[in-house]
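S.K.: sharing a sequence plus its predicted fold:
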4 protein chains.
Amino acid sequence: MKKGRIEAFSDGVIAIIITIMVLELKVPHEKNELKDLMPLLPVFLSYVLSFIYVGIYWNNHHHMFTAVNRVNGSVLWANLHLLFWLSMIPFATAWMGENHFAPAPVAIYGGVLLMNSIAYFILMSILVKHHGNESLLAKAVGSDLKGKLSTACYILAIPLAYVSTWISGGLFVLVALIWLIPDRRIENVLHDVEDEA
Amino acid sequence: MKKGRIEAFSDGVIAIIITIMVLELKVPHEKNELKDLMPLLPVFLSYVLSFIYVGIYWNNHHHMFTAVNRVNGSVLWANLHLLFWLSMIPFATAWMGENHFAPAPVAIYGGVLLMNSIAYFILMSILVKHHGNESLLAKAVGSDLKGKLSTACYILAIPLAYVSTWISGGLFVLVALIWLIPDRRIENVLHDVEDEA
Amino acid sequence: MKKGRIEAFSDGVIAIIITIMVLELKVPHEKNELKDLMPLLPVFLSYVLSFIYVGIYWNNHHHMFTAVNRVNGSVLWANLHLLFWLSMIPFATAWMGENHFAPAPVAIYGGVLLMNSIAYFILMSILVKHHGNESLLAKAVGSDLKGKLSTACYILAIPLAYVSTWISGGLFVLVALIWLIPDRRIENVLHDVEDEA
Amino acid sequence: MKKGRIEAFSDGVIAIIITIMVLELKVPHEKNELKDLMPLLPVFLSYVLSFIYVGIYWNNHHHMFTAVNRVNGSVLWANLHLLFWLSMIPFATAWMGENHFAPAPVAIYGGVLLMNSIAYFILMSILVKHHGNESLLAKAVGSDLKGKLSTACYILAIPLAYVSTWISGGLFVLVALIWLIPDRRIENVLHDVEDEA
């Protein structure tokens, strides 16, 4: 089974998710001054954060599938499972933004991010198992330190939302920064292999 | 006529359908506690069920077209007919979830699933006829036992919704489980052919 | 310039348009009986009609580009112009369905279809001019009898909506039927060329 | 890293943005005469303008990536940054149209266009740096006179919205016209290279 169509379908769903979120940014009706945009600021900020998160997932998905040779039924379903949790991000983003970062919405946002990181881990594990421990993919993924660190941050952020939503928010931004630093793991292994060949 | 663009268009429509459903999951306005999410639970559950159904259709569509060599005008329209009924799933899902699984919405949901299974059967039949009974596709489809069983379940689920929506709901979950068990038919035939070659 | 990306972009926009229309089919809130769906019938019927129309445009676009070898800036803009008018179809459909086929919405619907047929004609003319009168594309398009007939029907349907919306509606259905009969022009010419080679 | 998937993802997002805007064109409920469409005229006009702008970005993106050979992590993020600002266009368009071109919405619209032109400039600069000053891409981009002129117009249009929104609107239309005139730069360089080979 070819990987092309699973990439195309994932691109389609992720493109829709990242664009749908902006629909939550409702125009302030019957108001037309700059200050009328101020109440939208928390919604806008949570949109920016989620845009970056979905962008990170697309980037990582893109990188991982570059090293993938073949897919099977389990991969298709593990990928759909990831797309399901990605599609919950706009809902969690809207609830968090609309309630100006209240504890429960922030905890739910953390929960959705946690489910996404678990779904990504499952997809990665199935792909690695399918390709073997000696595969290019297995080497490229390595110990997945960043992934584990992110998951730990989400687990911390959920209960801490009831202590201070600033801590949880800080953890979300921290994880985003970890991933925004270019991930050279897969790129490097790919280059090494090309150099050896 | 190439099959590439019909696959790309179908991927696009199915990606939109699967993602649009989440738009029905409206944020509880002016409420920011975990318990405020409870009334959304039936909507969420019907969304999960429909996500799985649309995922199954995408999976099966993907598998079937792997074995397809050529398409014609009839295939294009049979495919559009299937996409039409798939695009009715978000509507039926929303009505069922919003009314907490009341009889009529459950029956309508079953009716939409029935129309989808009929549309899929028509598409499959046209493709098999176009490729011939000795084709790889015809062998891969075989007796289509799962398809016939699913159609029977939908036909039962529609009137039974007026007896007990739990029975209908159980039938919908049962059909989903039948298909979630990986369908090795087409994969196996493809492998056999590769082995023989 | 390659035609691949213009096809992919058009597929994306048309997939969204055809799927967005279903969003206009709003769930009857706080109502859960079959009879509550009855007021939706005109909306549903106008959705079916528009789904078929957009499907026809996708089909014809698909066929035409099969015979296209190269594109330029004029083709990109003529194509975007067509996509613009296609994207007005959901609006016209919703207004017509919501008002149970009142004269003005029916006339506007006819006007949007007219603009689409003009935009398609412009795109076709630019492509034919770009490829030359002896090209495969020029032969495949031929006299474009169906296209001219459709345009004439739309021009008639607009004023006739104020006489009887049944006549206009009948004309819209008639045009759809004309196109649903498989268009063998381009397919035939393509086959002839293959046979000669 | 291949450029194919970044093109496909960008096409998906831009296709959604350009189509989503029409959702803001709400049907006039419980009104069914032609004159009921009149209040929609400013919304329609701002939709047309934004459709052309997004079309211009898609066109330029398409042209630029034709001359691109390879992408890296920085390119992916610079591209996502551009897609973010493109996705703000429907919001700005709706606010401007709904308020019949009041000063603040017009200034915000100019601000969003300015951010888009900056994001495009960043993406272009990273691509040129990645390919080298002697590359086909660098030659094709050249001095980017049109881009600089557009940016200057947006910077002027923002404060001038508080003097007269007609001036700002005129500047937006002027920039659109500058780009609608086919951009032969990249096409010409590509042709020259082909001729030399």
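M.R.: Here it is on my side, so go on. Since we're looking at a predicted model, the values are computed, not measured.
S.K.: what residues are up against residue A:117?
M.R.: Neighbour list for residue A:117: A:147, A:150-151, A:154 [criterion: CB atoms under 8 Å, 6 or more residues apart in numbering or on different chains]. C-beta: built from backbone N, CA, C; applies to glycine.
S.K.: which element is it on?
M.R.: helix A:103-131 (DSSP states H and E).
S.K.: what of residue A:93?
M.R.: helix A:89-98.
S.K.: picking up where we left off before, now tabulate the contacts of residue A:117 in TSV and tack on pLDDT.
M.R.: What follows is those, written out as TSV (pLDDT from 0 to 100):
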residue	pLDDT
A:147	90
A:150	94
A:151	95
A:154	97
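S.K.: please list the members of these that lie in helices.
M.R.: A:147, A:150-151, A:154 (DSSP state H).
S.K.: so who does the residue in chain A that chain D sits nearest to touch?
M.R.: Going by CB to the nearest CB, chain D is nearest to residue A:15 of chain A, at 3.3 Å. Going by CB under 8 Å, 6+ apart, residue A:15 touches B:15, D:9, D:12-13, D:15-16.
S.K.: would you turn those into a markdown table with secondary structure?
M.R.: Listed next are the contacts of residue A:15 as a markdown table, based on DSSP: H, G, I helix; E, B strand; the rest coil:
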| residue | secondary structure |
| --- | --- |
| B:15 | helix |
| D:9 | helix |
| D:12 | helix |
| D:13 | helix |
| D:15 | helix |
| D:16 | helix |
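S.K.: so the residue located most distally from the centre of chain A versus chain C, what's the distance?
M.R.: Largest separation from the mean C-alpha position in chain A: residue A:30, at 35.6 Å (CA atoms, centre = their mean). According to CB to the nearest CB, to the nearest Å, residue A:30 and chain C sit 22 Å apart.
S.K.: next one: residue A:123
M.R.: 25 Å.
S.K.: okay but residue A:45 is in contact with residue A:100, surely?
M.R.: No - Residue A:45 is beyond contact range of residue A:100, at 10.1 Å (criterion: CB atoms under 8 Å).
S.K.: and the contacts of stretch A:95-106?
M.R.: A:24, A:42-47, A:92, A:108-109, A:157, A:161-162, A:165, A:168-169, B:27-29, B:32-34, B:36.
S.K.: try it again with 6 Å
M.R.: A:42-43, A:46, A:109, A:161-162, A:165, A:168, B:27, B:32-34 (CB atoms under 6 Å, 6 or more residues apart in numbering or on different chains).
S.K.: and the helix or strand in which residue A:77 is found, what does it pack onto?
M.R.: Element membership of residue A:77, judged by DSSP H and E, is helix A:73-86. Packing partners of helix A:73-86 (3 or more CB pairs under 6 Å, 6 or more residues apart in numbering or on different chains; DSSP states H and E): helix A:4-20, helix A:103-131, helix B:41-66.
S.K.: the helix or strand following the longest one and chain D in contact?
M.R.: Tracing the chain past helix A:103-131, the next element assigned as helix or strand by DSSP H and E is helix A:136-141. No - if you take CB under 6 Å from any CB of the partner chain as the test, helix A:136-141 misses chain D, and the best it gets is 12.8 Å.
S.K.: if we can go back for a sec, what would the helices and strands packed on helix A:73-86 look like in CSV with distance to residue A:176?
M.R.: Listed next are those as CSV, based on distance: least, CB to CB, whole Å:
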stretch, distance to residue A:176
helix A:4-20, 14
helix A:103-131, 10
helix B:41-66, 26
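S.K.: check chain A for the residue nearest chain B and tell me.
M.R.: residue A:12 (3.3 Å).
S.K.: tally of neighbours for that residue?
M.R.: Number of residues near residue A:12 (other CB atoms under 10 Å in any protein chain shown) recorded here: 28.
S.K.: quick one, what contacts it?
M.R.: B:11-12, B:15, D:12.
S.K.: just give me the residue right at the centre of chain A.
M.R.: Note: chain A centre (CA atoms, centre = their mean) maps to residue A:57, 3.8 Å.
S.K.: how close does it sit to residue B:22?
M.R.: Residue A:57 is 16 Å from residue B:22, where distance means CB to CB, to the nearest Å.
S.K.: hmm, back to that, distance of the residue nearest to the centre of chain A from residue A:130?
M.R.: 20 Å.
S.K.: can you check residue A:152 too?
M.R.: 27 Å.
S.K.: residue ranges with poor pLDDT in chain A?
M.R.: A:1, A:182-197 (pLDDT under 70).
S.K.: residue A:81: how many residues sit nearby?
M.R.: Residue A:81 has 20 nearby residues by other CB under 10 Å.
S.K.: not counting sequence-adjacent ones, nearest residue to the residue of chain A found nearest chain C?
M.R.: In chain A, no residue comes nearer to chain C than residue A:12, which is 7.9 Å away by CB to the nearest CB. Take residue A:12 and drop its neighbours on the chain: the residue closest to it by CB to CB, 6 or more residues apart in numbering or on different chains is residue B:15, 3.3 Å away.
S.K.: distance of the one you found from residue A:81?
M.R.: Counting by CB to CB - residue B:15 and residue A:81 are separated by 15 Å.
S.K.: with residue A:71 instead?
M.R.: 14 Å.
S.K.: try residue A:36
M.R.: Distance from residue A:36 to residue A:81, by CB to CB: 41 Å.
S.K.: report how many residues lie close to residue A:6.
M.R.: 20.
S.K.: sorry, slip of the keys, the one I care about is residue A:181.
M.R.: 9.
S.K.: residue A:21 too?
M.R.: Neighbours around residue A:21, by other CB under 10 Å: 23.
S.K.: look up phi and psi at residue A:70.
M.R.: With angles defined as degrees, to the nearest 10, residue A:70 sits at phi -150, psi 150.
S.K.: what's near enough to touch it?
M.R.: No contacts exist for residue A:70 under CB under 6 Å, 6+ apart.
S.K.: check the one 5 residues further on too.
M.R.: For residue A:75, the residues meeting the contact criterion (CB under 6 Å, 6+ apart) are residue A:126.
S.K.: gap between it and residue A:12?
M.R.: Between residue A:75 and residue A:12 the computed distance is 17 Å (CB to CB).
S.K.: got it, and residue A:143?
M.R.: 32 Å.
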